[in-house]
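S.K.: fold the following.
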Amino acid sequence: MMSSSKSCRALCLVPLLLLGLATGSRAQPRRKAAGIRTTVRVELLTDRRGAPLAAQRWARAFEQFKVSLRIRRGIGGERTAVREKITGRNRQVTVIGKLDRSGRILVPGKSFSPGNPTALGTWLKELGTFGAKGNPNGQPAFGLSEGQFNSLFETLAQPVRSNLAGKPLTEAIAALGLPASLGLDLSRLGPDVTIPPRTNGQGLSRGSTLAALLAVRGLAFRPQRTPAGKVELQILKPPAGSKTETTTWPVGWPPRLSRLKTARPLFQIVPVELEEAAFLDVVDAITEKTGVPMLIDHHALAARKINPAKLTVTVPPKKTSWFQLQKTATNPHHLTRDLRIDEAGKPFVLVTPIQVKPINRK
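M.R.: Below you'll find the model as predicted:
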């Protein structure tokens, strides 16, 4: 998680002469990646004894990888590292690894066994494509560097002032004013649809709004680091059962503070009495009285065959908080409300179906 304006920034060999001598194998051909030509080279550090038999096996593997190799004795407290240097359109990636006595190659966050050289070959190939940070898929923060993530987060934290209900999806996304450099490809949206009311809230940030708009079509987006190192946004269908915070950009983030400190107006105590009041009227009234937008995940409700326009809310005379009233209005209809914050830290509530966990019969 990050500081308030950046909240949640939020959300890581060789043909050898072991005693300090080195020899290189065939140099790796340069790979082209969006105008960047990348060369990868590897240095392995050993102790005095080294691992001569394993080194010979790795030497043959590296000949197949066509990667430049060097082996030498480690000096003092040398550590493993993966670095890159870019000069013009040329990128040099240098891997400093260790060859331990068991024959394993150790690099930052990874180890490779001589029994499975293919895994190392795959990793080296990814370095040749994506540079020192490697393949961004599956990495924390979508594989972006801290600087890249912070810059994107600030861009997506800018507020959206207009109500987008009733606009075609493509027009609504265009109204967000996202920089063209983010390369959002709207052709992946499919047939255009009209944005239903209560999909976005005025003043909520670009990031949460974009995620909510795409959710109307059951879609999502995620940042991706291109082989050239640029950050772009990709529209996709989220994997079933995935954790959105790691696979796609979520519709809002978990609050960093307590519920009361996050959205104090929701906890004001008020007198309430409702007799089969329209559910959507109750939603709108709570939003108007508290200033905390209450959004609806229309696609998820439709998948459960829940039509919010047909729901009603009955509450006997009592005093309660707006937050508790939200629960009273949603739970009887198998809905739940989730308090979230956008990229700028502004609170909102998202109404989604209650998730039914499968019964474990073991």
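S.K.: what kind of secondary structure is Val351 in?
M.R.: Going by DSSP: H, G, I helix; E, B strand; the rest coil, the secondary structure assigned to Val351 is strand.
S.K.: burial count for it?
M.R.: 24 (other C-beta atoms under 10 Å). Where C-beta positions appear, they are placed from N, C-alpha and C, glycine not excepted.
S.K.: and Thr155, by the same measure?
M.R.: Neighbours of Thr155 using other C-beta under 10 Å come to 17.
S.K.: isn't it right next to Leu210, touching?
M.R.: No: using C-beta atoms under 8 Å as the test, Thr155 is too far from Leu210 to be in contact (11.0 Å).
S.K.: ok so Ser102 is a strand residue?
M.R.: No: according to three-state DSSP, Ser102 belongs to no strand; its state is coil.
S.K.: so what's it scoring on pLDDT?
M.R.: At Ser102, the model reports a pLDDT of 82.
S.K.: what's the overlap in contacts for Thr155 and Leu210?
M.R.: Listed contacts common to Thr155 and Leu210 are Leu178; contacts here mean C-beta atoms under 8 Å, 6 or more residues apart in numbering.
S.K.: what's the weakest-modelled helix or strand in this protein?
M.R.: strand 31-33 (a mean of 44; mean pLDDT, DSSP states H and E).
S.K.: that one: what's the following helix or strand?
M.R.: Sequence-wise, the next helix or strand downstream of strand 31-33 (DSSP states H and E) is strand 36-46.
S.K.: just want the angle from the helix or strand just after that following strand to strand 36-46.
M.R.: If you walk from strand 36-46 toward the C-terminus, the next helix or strand you reach (DSSP H and E) is helix 52-65. If you take axes from the mean of the first three to the mean of the last three C-alpha atoms, to 10 degrees, helix 52-65 sits at 170 degrees to strand 36-46.
S.K.: could I get the buried residue list for whatever helix or strand comes next after helix 52-65?
M.R.: Sequence order places strand 68-73 as the next helix or strand after helix 52-65, per DSSP H and E. Neighbour counts over strand 68-73 (16 or more other C-beta atoms under 10 Å) mark 68-72 as buried.
S.K.: going along the chain, name the strands of the stretch 101-250 of the chain.
M.R.: 105-107, 110-112, 220-225, 231-236 (DSSP state E, counting those that start in this stretch).
S.K.: dump these to a markdown table, plus mean neighbour count.
M.R.: A markdown table is the format used below for the strands of the stretch 101-250 of the chain (neighbours: other C-beta atoms under 10 Å):
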| stretch | mean neighbour count |
| --- | --- |
| strand 105-107 | 20 |
| strand 110-112 | 17 |
| strand 220-225 | 21 |
| strand 231-236 | 18 |
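S.K.: out of the ones you listed, flag the one nearest Glu288.
M.R.: Between Glu288 and the strands of the stretch 101-250 of the chain, the tightest spacing by C-beta to C-beta is seen for strand 220-225, at 29.2 Å.
S.K.: for that closest one, name the packing helices and strands.
M.R.: Applying 3 or more C-beta pairs under 8 Å, 6 or more residues apart in numbering; DSSP states H and E, one finds that strand 220-225 contacts helix 146-156, helix 206-215, strand 231-236.
S.K.: so which of the buried residues of strand 68-73 is the closest to Phe348?
M.R.: Nearest to Phe348 among the buried residues of strand 68-73, with distances taken as C-beta to C-beta, is Ser68, at 52.8 Å.
S.K.: separation between the nearest residue to that closest one once chain neighbours are set aside and Met294?
M.R.: Nearest-residue entry for Ser68: Arg41, 3.9 Å, with adjacent residues in sequence omitted and distances by C-beta to C-beta, 6 or more residues apart in numbering. From Arg41 across to Met294, the span is 56 Å (C-beta to C-beta, to the nearest Å).
S.K.: could you do Thr247 as well?
M.R.: Distance from Thr247 to Met294, by C-beta to C-beta: 26 Å.
S.K.: settle it for me: which of those two has more neighbours?
M.R.: Neighbour count, other C-beta under 10 Å: between Thr247 and Met294, Met294 has more, with 25 against 16.
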